[in-house]
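> Any chance you could fold what I've pasted below:
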Amino acid sequence: RALRMAVASGHGIGKSALIREVARPIAQSRGYFVEGKFDQFERDRPYASLVQAFQQLVRQLLGESKGRGQAWRSSLIDALGSHVAVVIDVIPEVALLVGDCTPLAPLPPAEARNRFDDAFRRFVRVFARPDAPLALFLDDLQWVDSASLRLLRTLATDPDVAGLLVVGTYRDNEVDAH
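Modelled structure (predicted):
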């Protein structure tokens, strides 16, 4: 199961700097460290912070050796199959790893959300393994959009997502008890 940690305090205390100093070396020793920042003016863009973080991951992967890149390509295709198109829709850079793919047929909203959640969980499982962890740092959670929050809950409670450390920071004076 994914590990979760939240750091709360007021503005300008150094939460983000602390997390970068602690989590980055842990992940980089065997895995990956990525980060995204929620923005109060982009709350209408679902998943924007998660997309930002996973774009960083894809850029890191593209910088690896050709053999390692082929291994990631195979792992992604094995894990996602045709549903890789769902991930490419939100993180277009993934196409640089796996190549072009055929778009999937549109679904009604509830089914599309379930398909997206399933595809994204599979996507994260490829990179979050006990032997090579993925540290996902999300800054300014006080501005998280509802779709990202739902997806984060899904990832954090998925028993098949192992090797994922989700660290979030938020301003405790800008959120309510919920």
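> wait, is Gly168 part of a strand?
Yes: assessed with DSSP: H, G, I helix; E, B strand; the rest coil, Gly168 lies in a strand.
> was I right about it contacting Trp143?
No: taking contacts as Cβ atoms under 8 Å, Gly168 lies outside contact range of Trp143: 11.3 Å. Bear in mind the C-beta positions are built from the backbone N, C-alpha and C, glycine included.
> which of the two has more neighbours?
When Gly168 and Trp143 are compared for neighbours, Gly168 comes out ahead with 23 against 19, by other Cβ atoms under 10 Å.
> Which pLDDT value belongs to that one?
The model reports Gly168 with a pLDDT of 83.
> now do Lys66
With respect to pLDDT, Lys66 has a value of 89.
> centre of the chain versus the one helix or strand Ala112 maps to, how much separation?
Ala112 is part of helix 109-127 when elements are defined by DSSP states H and E. Distance of helix 109-127 from its chain centroid, counting by Cα atoms, centre = their mean, to the nearest Å, is 11 Å.
> Can I get that helix in PDB? Just the C-alpha atoms.
Extracted in PDB, the C-alpha atoms of helix 109-127 (Å, rounded to 0.1, in the frame of the first residue of the first chain):
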ATOM      1  CA  PRO A 109     -19.000  10.200 -17.800                       C
ATOM      2  CA  ALA A 110     -19.100   7.700 -15.000                       C
ATOM      3  CA  GLU A 111     -17.700   4.900 -17.100                       C
ATOM      4  CA  ALA A 112     -15.000   7.300 -18.500                       C
ATOM      5  CA  ARG A 113     -14.000   8.200 -15.000                       C
ATOM      6  CA  ASN A 114     -13.700   4.500 -14.000                       C
ATOM      7  CA  ARG A 115     -11.700   3.800 -17.000                       C
ATOM      8  CA  PHE A 116      -9.400   6.700 -16.300                       C
ATOM      9  CA  ASP A 117      -9.000   5.700 -12.600                       C
ATOM     10  CA  ASP A 118      -8.100   2.200 -13.600                       C
ATOM     11  CA  ALA A 119      -5.700   3.300 -16.300                       C
ATOM     12  CA  PHE A 120      -4.000   5.800 -14.000                       C
ATOM     13  CA  ARG A 121      -3.600   3.200 -11.200                       C
ATOM     14  CA  ARG A 122      -2.000   0.800 -13.700                       C
ATOM     15  CA  PHE A 123       0.300   3.600 -14.900                       C
ATOM     16  CA  VAL A 124       1.500   4.400 -11.400                       C
ATOM     17  CA  ARG A 125       2.000   0.700 -10.500                       C
ATOM     18  CA  VAL A 126       4.600   0.500 -13.300                       C
ATOM     19  CA  PHE A 127       6.800   3.100 -11.600                       C
END
